[in-house]
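Asker: Test case, fold it:
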Amino acid sequence: MEGSSCNQVRPMAVRQRRYSKEELAQRGQVLYDSSIREQVEAGNEGKIVAIDIETGAFEVDKNVLPATNRLFERYPDAQPWVIRIGHRAVYHLGKLTCSWRSQSISELATR
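Answerer: Sure, this is the predicted structure:
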């Protein structure tokens with residue numbers, strides 16, 4: 001069917017990381033601790049906050065992808081860092097907590 005959006009292929013945006021993993025994590029944690037935590041903690045424990053480390057903008061959701069996708073809708077060049085509200089790690093596997101505290105969306109995509 002001509003003109004149908006179902007048959008159209010949309011190219012994926014290629015996002016480039018502009019910071020090392022260490023700098024991304026450090027900047028994200030500073031933003032979270034200094035200004036974002038107090039805005040999101042109440043009533044959101046266990047949810048994900050995706051933070052653009054360049055603008056300080058953030059989105060909260062139950063899952064990583066919806067939070068980061070909304071952040072990219074607002075800021076297409078965002079450099080997102082994510083953390084689970086009220087927890088030390090983004091993911092918990094059984095009795096073991098993953099060794100990463102938080103991570104960028106590009107790192108999540110490669111796991």
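Asker: Just the pLDDT at Arg74, thanks.
Answerer: Note for Arg74: predicted pLDDT of 97.
Asker: Might you report the residue contacts of it?
Answerer: By Cβ atoms under 8 Å, 6 or more residues apart in numbering, Arg74 lies in contact with Ala57, Glu59. C-betas here are computed from N, CA, C, even on glycine.
Asker: And it, how close does it get to Glu23?
Answerer: 22 Å (Cβ to Cβ, to the nearest Å).
Asker: what about Asp61, how many residues close to it?
Answerer: The number of residues packed near Asp61 is 18, by other Cβ atoms under 10 Å.
Asker: helix/strand/coil for the closest residue to it other than its chain neighbours?
Answerer: Leaving aside its sequence neighbours, Asp61 sits nearest to Ala67 (Cβ to Cβ, 6 or more residues apart in numbering; 3.8 Å). Assigned state for Ala67: helix (three-state reduction, DSSP: H, G, I helix; E, B strand; the rest coil).
Asker: how many other residues sit next to Ala67?
Answerer: Applying other Cβ under 10 Å, we find 22 residues neighbouring Ala67.
Asker: separation between it and Ser20?
Answerer: 22 Å.
Asker: Checking Ala50 next. Helix, strand or coil?
Answerer: Per three-state DSSP, the secondary structure class of Ala50 is strand.
Asker: What residues does it make contact with?
Answerer: Neighbour list for Ala50: 58-61, 64, 67-68, 70-71, 80-82, 105 [criterion: Cβ under 8 Å, 6+ apart].
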